[in-house]
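K.L.:
after the sequence you'll find the predicted model.
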Amino acid sequence: MKSFSLLIVTALLSLSLAGCLNNEFSFLRIEVNGTIESPQEGAIFIEFHHMQQGEGELGHPLGLIEEIQTAGPGAFDHVLDYPEHAGEGLLVYAWQDTDGDEVFCGLGAPDELSGASGINEELDFEETVHVLLESVCLGPERLHSDHSLD
Amino acid sequence: MRLHLLILLGLALSTPSLAVAEEAPTNAVHSTLTSGHQRGEFTLSLRGGWPRLKIRAQVGAGRRLAPLVELEVTPEWRLEPSLGLGISLAKSARGGIAVEVLAGWHLQYGTLAQRGPSGVVRIRGLLTGRVVGGWFAVGTRHTLLFDRTTLRSSSGTEVEWTPRHRWSPHIAGGVAFNLHPRVGLEVGLNMVFVDVEVIDISLPGFHASLIIGIPEKARP
C-alpha cells in the first residue's frame, strides 16, 4: 500500500509538470490612423496583411488579417487586433472600386488603382499610414516586394 | 445478437461445472476485470499490442472500491496517465460488472500537439469459467485543451483562457485465460474513436495483456 501511494504521488507530480497550455495567441491592438490618396473618386477597399507569415519552409509573404471598406479617398481610423503570433510586419494595401462592381480590375472593366504602405519596424499601439493609389491593377503580391522585410 | 448468444453459450460450456466455479476462488484475471475490491487484492496488468500499450495497477480498498492507476501510451503520439477508482457493481465467481472513473492527463506530441486534463468513465464486464472467460469494456474519454489569448492594448493587457473539448469514446472486448490464481492472460480487440467531430478517426487495435496479482481469497 505504501508503494502504491508513492506511485500516485509520482504520477501527480508528473502531471503538474506537464502543464496544460496548448496554443498561445498574442494580439496587439493597434489604432491605425491612415490616409488614402487617389486622383479618382470611388469606394476604397483596404486590406491589412502581415508582411511575412509562417517560419522556415512554411514561411510565405503576406497573410490577410482583416479587410475594411471606406466611402472614398481621405482619412480613416481603424482598430486592428494584430496577431503577433502569426507573422511579422504590417502591409496596408488599398484599391479603389472606380466602377462600383466590387471587383478589382474585373474582365472588360476599366483599370483601377491600387497602392500599399508597409511597416517593417516593431509595431506600436498607434500607427500612421499613408497609401498613395498610383499603381494600375496591381495586387498586394506585386506591391509587397516594394515593402518586403529583406 | 445470435452470435452473442453463441459466444456466451461457448463460455458457459467451457466451464466444466458452474457449481464448481461458484465455489472456486477468484483469480488475478477476475480481479482485474471486475475491479477486485477486497482488501488485500492487488493486480498489475501489462498490455502490449498495436497501436496502444498500457500499464495498469489496482488495489482493493473494501466497500466495493478499488483505486487504480493506469498509463496508456500510443508510441510517438499520445501519453495518457490516469488515476481512478473502480467500483464493483456486481460480482460473483462467474464474473462481474464494474464501472471505473478516472481523472488524468492527456499529452499528444507532434504537429498536432495537445495537453490537458482528461476524464474517463468506463464500464467493464466479465463472464468467466474456470479457465476461459469473455470480457468487454465500453468507455468515454473527455479532454479539455486550454488556449491562452493575450491582447495588449494602450489600456493594458488582457489574458483569456479558453477551453476546447475533445471526446474520444472507446470499446473493447476479448478473451481472458486464467493460467494460475495469480497469473492470467487477456487478449482482445479495441477501437478508439479519436476526437469525435474534430480529428474524427476510428483507430482499431489489438492487444494482449499479462495479468499478475493477488486475487480475492477463496470464499468459504
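P.N.:
Noted; the coordinates are in hand. Nothing here was measured: the structure is a model prediction, and the numbers come from that model.
K.L.:
where does pLDDT dip in chain A?
P.N.:
By pLDDT under 70, the weakly predicted segments of chain A are A:1-2, A:10-19, A:147-150.
K.L.:
mind telling me which residue of it is nearest chain B?
P.N.:
Residue of chain A nearest chain B, by Cβ to the nearest Cβ: residue A:29 (3.6 Å). Where you see a C-beta, it was placed from the backbone N, CA and C, and this is true even at glycine.
K.L.:
which ones are touching that residue?
P.N.:
Contact partners of residue A:29, counting by Cβ atoms under 8 Å, 6 or more residues apart in numbering or on different chains, are A:79, A:80, A:81, A:82, A:125, B:151, B:152, B:153, B:154.
K.L.:
how many residues are close by whichever residue of chain B sits closest to chain A?
P.N.:
The minimum distance from chain B to chain A, using Cβ to the nearest Cβ, falls at residue B:153 (3.6 Å). By other Cβ atoms under 10 Å in any protein chain shown, the residues close to residue B:153 number 15.
K.L.:
which non-adjacent residue is nearest it?
P.N.:
Distances taken as Cβ to Cβ, 6 or more residues apart in numbering or on different chains place residue A:29 nearest to residue B:153, at 3.6 Å, with adjacent residues excluded.
K.L.:
how about residue B:154?
P.N.:
Closest to residue B:154 by Cβ to Cβ, 6+ apart is residue A:125, at 4.1 Å.
K.L.:
confirm for me that the one you found is in contact with residue A:27.
P.N.:
No - Residue A:125 is beyond contact range of residue A:27, at 11.9 Å (criterion: Cβ atoms under 8 Å).
K.L.:
between the two, which has more neighbouring residues?
P.N.:
residue A:27 (18 against 12).
K.L.:
surely that one forms part of a strand?
P.N.:
Yes - assessed by DSSP: H, G, I helix; E, B strand; the rest coil, residue A:27 belongs to a strand.
K.L.:
residue contacts, the residue nearest to residue B:154?
P.N.:
A:28, A:29, A:30, A:31, B:152, B:153, B:154.
K.L.:
can you tell me which residues contact the third one?
P.N.:
Counting by Cβ under 8 Å, 6+ apart, residue A:30 makes contact with A:79, A:80, A:81, A:82, A:90, A:123, A:124, A:125, A:126, A:127.
K.L.:
so which of the residues you listed is the closest to residue B:188?
P.N.:
Residue B:188 has its nearest neighbour among these in residue A:81, at 50.8 Å by Cβ to Cβ.
K.L.:
so the closest one sits in a helix?
P.N.:
No - remark: residue A:81 does not belong to a helix; assigned using three-state DSSP, it is strand.
K.L.:
how far off centre is the strand or helix carrying residue B:44?
P.N.:
Secondary structure assignment for residue B:44, by DSSP states H and E: strand B:42-50. Relative to its chain's centre, strand B:42-50 lies at 10 Å (Cα atoms, centre = their mean, to the nearest Å).
K.L.:
likewise for stretch B:187-202?
P.N.:
The answer for stretch B:187-202 is 15 Å, by Cα atoms, centre = their mean.
K.L.:
which parts of it are buried?
P.N.:
B:188, B:190, B:192, B:193, B:194, B:195 (16 or more other Cβ atoms under 10 Å in any protein chain shown).
K.L.:
residue contacts, residue B:194?
P.N.:
Listed by Cβ under 8 Å, 6+ apart, the contact set of residue B:194 reads B:168, B:200, B:201, B:202, B:203.
K.L.:
model confidence for the second one, exactly?
P.N.:
In the prediction, the pLDDT value recorded for residue B:200 is 82.
K.L.:
separation between the residue of chain B most remote from its centre and residue A:103?
P.N.:
Farthest-out residue of chain B from its mean C-alpha position, per Cα atoms, centre = their mean: residue B:154, at 51.8 Å. Distance check for residue B:154 against residue A:103: by Cβ to Cβ, to the nearest Å, it reads 37 Å.
K.L.:
report how many residues lie close to residue B:53.
P.N.:
Neighbours of residue B:53 (other Cβ under 10 Å): 17.
K.L.:
bridged to the closest residue to it other than its chain neighbours, which residues?
P.N.:
Counting by Cβ to Cβ, 6+ apart, residue B:73 is the residue found nearest to residue B:53 once chain neighbours are left out, at 4.7 Å. Note on residue B:73: beta-bridge partners by DSSP bridges are residue B:53, residue B:79.
K.L.:
what residues does chain B have near chain A?
P.N.:
When proximity is defined as Cβ under 8 Å from any Cβ of the partner chain, chain B approaches chain A at B:42, B:57, B:59, B:67, B:69, B:71, B:81, B:83, B:104-105, B:107, B:113-117, B:144-154, B:164.
K.L.:
and those residues, which of them are buried?
P.N.:
B:42, B:57, B:59, B:67, B:69, B:71, B:81, B:83, B:104-105, B:107, B:114-117, B:145-146, B:149, B:152.
K.L.:
how about the helices in chain A?
P.N.:
A:2-18, A:140-144 (DSSP state H).
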